[in-house]
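Peer 1: Generate coordinates for the sequence data below:
(chains A and B)
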Number of protein chains: 2
Amino acid sequence: MAYRLYYWPGIQGRGEFVRLALEEAGAEYVDVAREADGEAELEAFLEQTGIRHPPFAPPFLADGDLVIGQTAAILWHLGERHGLAPRDESEKLWVHQLQLTIADLVSEAHDAHHPLGAHLYYEEQQAEARKRAKAFRSQRIPRFLNWFERILSVGRNGWLAGDNLTYADLSLFQAFEGLRYAFPKAMRAASAGTPRVDALARKVAARSRIRAYLESERRLPFSTEGIFRHYPELDLQS
Amino acid sequence: MAYRLYYWPGIQGRGEFVRLALEEAGAEYVDVAREADGEAELEAFLEQTGIRHPPFAPPFLADGDLVIGQTAAILWHLGERHGLAPRDESEKLWVHQLQLTIADLVSEAHDAHHPLGAHLYYEEQQAEARKRAKAFRSQRIPRFLNWFERILSVGRNGWLAGDNLTYADLSLFQAFEGLRYAFPKAMRAASAGTPRVDALARKVAARSRIRAYLESERRLPFSTEGIFRHYPELDLQS
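Peer 2: Numbers count the residues shown, from 1 in each chain, chains lettered A, B, ... in the order given. Predicted coordinates:
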């Protein structure tokens, strides 16, 4: 049975980390909210009472009767089923740890343009966003990139964990692309010293299923509606 | 061999979620940074190069040669080893999903007093913190509490998942206590409608090992150095 992915339509958002795993796996899935009436179905699902495992927020994935929320938990599940995670328990936990750190980076990327919270428009918190984005660009992005670079410099084959691609590699690709879209100038400076991260992103993009996906209409563009947003005033000024 | 927990000394922080699991399990552990020279050892560990699984940030746990970072990943590991998680795969993933949602709540509780980032003191972002804390109090806390209440209303025995306590119950206890310390007025209002969450926290606190821990010197107090901070100006004004 095809998976059913529930995520807000119109943006890549956190749903994209799940989409990339589904696409790399060649798995059949319905992107529910992008179908006719799909957004209403998503909202109805969130309101449903009496279910044992209600998701807190999108994305969530239905695999038959099993409903899983939280991006990292969804990827744990898909990783097991589609060979996108190692079999060894401790290596599996390591890949998950990588994913959780990418999730932290993604949250911080969001807060760079929404430091006061998601209840206000960007335009209502632009001054605060400039302050937060500056720290994110100058301190946090380099810290994350250098950590991934360090891991890649110890490993083999250019993947984060072991000899094969895992869902964490797909997620790092997505985070890296998102940061490059949002902060092109800052990322040129920051990623000059992290060639292995750059090479990983290129390797992911070149995989046949991922390349086909990126070229398809299923791949939504980055935009200032998503998590990674390009506002020139938040990027490095030169 | 005793576990070695690495976390900043002096605060509960994210380390506390790990401590509660270790204490409930009756596991032997060294709280490394609270030993003599322990903080230097923690910092040296983070700087270490050439290790295959370097942690990004505290807390991290050494179980013999295995080093695990990210609170939720550490709890996954401890849950397996000490019966603090279900054995069934899909229930295990559900408990993890609960934990990841608690992690989101904890991050938001931190950002309520540090919306511009951890690089500035609270006093340097007090005006912004007032705005963010207001939305956190009035929108986010009720949303999280109501979600947990809804789950508890479907379950049995007053635990979040299945018939037995899991690490997610311990973590919800800690988050709930932290919120009550930080926002006593807002929490009186918000938790009036979530009696099952309140009952869960009392059940956790009454467990023999947890009670002994809470009364011991190993339990650090909540403070305005930690993640949950009581600043009266950020609480509900009445």
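
Peer 1: so how far is the helix of greatest length in chain A off the chain centroid?
Peer 2: Ranked by number of residues, the top helix in chain A under DSSP state H is helix A:89-113. Between the centre of helix A:89-113 and the centre of its host chain there is 9 Å, according to CA atoms, centre = their mean, to the nearest Å.

Peer 1: Who are the packing partners of that helix?
Peer 2: When contacts are defined as 3 or more CB pairs under 8 Å, 6 or more residues apart in numbering or on different chains; DSSP states H and E, helix A:89-113 sits against helix A:71-81, helix A:126-135, helix A:141-154, helix A:167-182, strand B:66-69, helix B:71-81. C-beta: built from backbone N, CA, C; applies to glycine.

Peer 1: got the buried residues for that helix?
Peer 2: In terms of neighbour count (16 or more other CB atoms under 10 Å in any protein chain shown), helix A:89-113 has its buried residues at A:91-113.

Peer 1: now that helix against helix A:126-135, angle please.
Peer 2: Orientation check (axes from the mean of the first three to the mean of the last three CA atoms, to 10 degrees): helix A:89-113 against helix A:126-135 gives 140 degrees.

Peer 1: just the angle between helix A:89-113 and helix B:71-81, please?
Peer 2: Using the same axes, to 10 degrees: helix A:89-113 against helix B:71-81 is 150 degrees.

Peer 1: Where do the domain boundaries of chain A fall?
Peer 2: Residue ranges for the structural domains of chain A, counted by automatic domain parsing, are given in the record as A:3-81, A:89-234.

Peer 1: Using CSV, lay out those domains together with distance to B:Gly178 and mean pLDDT.
Peer 2: Shown next, in CSV, are the domains of chain A (distance: least, CB to CB, whole Å; pLDDT from 0 to 100):
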stretch, distance to B:Gly178, mean pLDDT
domain A:3-81, 19, 96
domain A:89-234, 19, 97
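
Peer 1: Most distant residue from the centre of chain A?
Peer 2: Centroid-distance maximum for chain A: A:Gly50 at 30.2 Å, with CA atoms, centre = their mean.

Peer 1: Tell me how far that one lies from B:Ile151.
Peer 2: 11 Å (CB to CB, to the nearest Å).

Peer 1: Repeat that for A:Phe173.
Peer 2: Distance, A:Phe173 to B:Ile151, using CB to CB: 34 Å.

Peer 1: what's the answer for A:Tyr29, then?
Peer 2: Counting by CB to CB - A:Tyr29 and B:Ile151 are separated by 26 Å.

Peer 1: of these two, who's got more company?
Peer 2: Legend: neighbour count by other CB atoms under 10 Å in any protein chain shown for A:Tyr29 and B:Ile151, higher for B:Ile151 (24 against 20).

Peer 1: I'd say the more buried one and A:Pro54 touch.
Peer 2: Yes. At 6.8 Å, B:Ile151 and A:Pro54 qualify as touching, with contact defined as CB atoms under 8 Å.

Peer 1: Export only the CA atoms of the strand or helix carrying A:Leu200, formatted as CSV.
Peer 2: Using DSSP states H and E, A:Leu200 sits in helix A:195-205. Written as CSV, here are the backbone C-alpha positions of helix A:195-205 (Å, rounded to 0.1, in the frame of the first residue of the first chain):
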residue,chain,number,x,y,z
PRO,A,195,34.6,20.9,1.0
ARG,A,196,33.4,17.5,2.1
VAL,A,197,30.0,18.8,3.0
ASP,A,198,29.8,20.4,-0.4
ALA,A,199,30.9,17.2,-2.1
LEU,A,200,28.3,15.2,-0.1
ALA,A,201,25.5,17.5,-1.3
ARG,A,202,26.7,17.1,-4.9
LYS,A,203,26.8,13.3,-4.6
VAL,A,204,23.2,13.3,-3.2
ALA,A,205,22.0,15.5,-6.0
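
Peer 1: show me the contacts for the nearest residue to the residue farthest from the centre of chain A once chain neighbours are set aside.
Peer 2: Using CB to CB, 6 or more residues apart in numbering or on different chains and skipping the chain neighbours, the partner closest in space to A:Gly50 is B:Val154 (6.3 Å). Contacts for B:Val154 (CB atoms under 8 Å, 6 or more residues apart in numbering or on different chains) come out as A:50-52.

Peer 1: rewinding a little: what angle do the longest helix of chain A and helix A:167-182 make?
Peer 2: Here helix A:89-113 runs at an angle of 20 degrees relative to helix A:167-182 (the same axes, to 10 degrees).

Peer 1: Mind putting the contacts of B:Val154 into CSV with secondary structure and distance to A:Glu217?
Peer 2: As requested, those are exported to CSV (DSSP: H, G, I helix; E, B strand; the rest coil; distance: CB to CB, whole Å):
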residue, secondary structure, distance to A:Glu217
A:Gly50, coil, 37
A:Ile51, coil, 32
A:Arg52, coil, 36
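
Peer 1: Pull the contacting residues for the residue lying closest to A:Phe136 once chain neighbours are set aside.
Peer 2: Computed as CB to CB, 6+ apart, the closest residue to A:Phe136 that is not its neighbour in sequence is A:Ala112, at 4.3 Å. Counting by CB under 8 Å, 6+ apart, A:Ala112 makes contact with A:129, A:132-133, A:136-137, A:182, A:234.

Peer 1: swap in A:Gln97?
Peer 2: A:Gln97 is in contact with B:53, B:55, B:68-70, B:73, counting by CB under 8 Å, 6+ apart.

Peer 1: Now narrow these to whatever sits close to chain A.
Peer 2: Restricting the contacts of A:Gln97 to those touching chain A (CB under 8 Å from any CB of the partner chain) yields B:53, B:55, B:68-70, B:73.

Peer 1: Distance to A:Arg219 added to those residues, as CSV?
Peer 2: Output for those, formatted as CSV (distance: CB to CB, whole Å):
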residue, distance to A:Arg219
B:His53, 32
B:Pro55, 33
B:Ile68, 34
B:Gly69, 32
B:Gln70, 29
B:Ala73, 30
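
Peer 1: Can you select the buried ones from the residues you listed in PyMOL?
Peer 2: Burial among the ones next to chain A among the contacts of A:Gln97 is assessed by 16+ other CB under 10 Å; the matching PyMOL selection reads:
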select buried, chain B and resi 53+55+68+69+70+73
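
Peer 1: of all the ones next to chain A among the contacts of A:Gln97, which comes closest to B:Ala189?
Peer 2: Sorting those by how near they are to B:Ala189, with CB to CB, puts B:Gln70 at the top with 33.0 Å.

Peer 1: Can you read off the backbone torsions of the closest one?
Peer 2: Main-chain torsions, B:Gln70, degrees, to the nearest 10: phi 70, psi 110.

Peer 1: so it makes contact with A:Thr101?
Peer 2: Yes. Between B:Gln70 and A:Thr101 there is a contact under CB under 8 Å: 6.5 Å.

Peer 1: Need the residues touching each of the two.
Peer 2: If you check B:Gln70 and A:Thr101 against CB under 8 Å, 6+ apart, the residues they both contact are B:Phe56.

Peer 1: quick one: contacts for A:Arg156?
Peer 2: By CB under 8 Å, 6+ apart, the contact set of A:Arg156 is A:162-163.
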